[in-house]
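In: pasted the sequence and its predicted model underneath.
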Amino acid sequence: MLYAATTPEQKRRRLREMLASGTIVQFPGAFNPLSAKLIQEKGFDGVYISGAV
């Protein structure tokens with residue numbers, strides 16, 4: 001998100017680790033930045049944002 005504390009490299013590494021773990025990972029879809037922020041505040045591991053956003 002805006003002013004994230006983690007670098008893009010750290011985010012990519014974490015995503016790869018989650019996908020390689022073999023567990024189910026939930027990424028709710030957001031249609032705008034406000035929705036993405038609310039999803040983040042709810043504690044999900046990630047957010048899916050389509051290319052149309």
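Out: Arrived safely, thanks for sending.

In: how many other residues sit next to residue 30?
Out: By the criterion of other Cβ atoms under 10 Å, residue 30 has 19 neighbours. Every C-beta, even on glycine, is put in place using the N, C-alpha and C of the backbone.

In: same question for the one 3 residues further on.
Out: As a burial measure, residue 33 scores 13 neighbours (other Cβ under 10 Å).

In: what does the model give it for pLDDT?
Out: Per-residue pLDDT puts residue 33 at 85.

In: which residues touch it?
Out: By Cβ atoms under 8 Å, 6 or more residues apart in numbering, no residues touch residue 33.

In: where does it fall, phi/psi-wise?
Out: phi -60, psi -30 (degrees, to the nearest 10).

In: for residue 9, see how far away it is.
Out: Using Cβ to Cβ, to the nearest Å, we find residue 33 at a distance of 22 Å from residue 9.

In: can you list contacts of stretch 37-48?
Out: 1, 15, 18, 25-30, 36.

In: quick one: what helix or strand has the most centrally placed residue in the chain in it?
Out: The chain has residue 46 as the residue nearest its centroid, 2.2 Å off, counting by Cα atoms, centre = their mean. For residue 46, there is no helix or strand it lies in under DSSP states H and E.

In: shaky segments in the protein?
Out: Applying pLDDT under 70 to the chain picks out residues 1-2, 53.

In: quick one, strands of it?
Out: 29-30, 48-49 (DSSP state E).

In: will you turn these into a markdown table that also has distance to residue 5?
Out: A markdown table is the format used below for those (distance: least, Cβ to Cβ, whole Å):
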| stretch | distance to residue 5 |
| --- | --- |
| strand 29-30 | 20 |
| strand 48-49 | 19 |
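
In: show me where the chain has helices.
Out: 8-20, 33-41 (DSSP state H).

In: from residue 35, how far out is residue 9?
Out: For residue 9 relative to residue 35 (Cβ to Cβ), the value is 26 Å.

In: having no further points to raise, I will conclude here.
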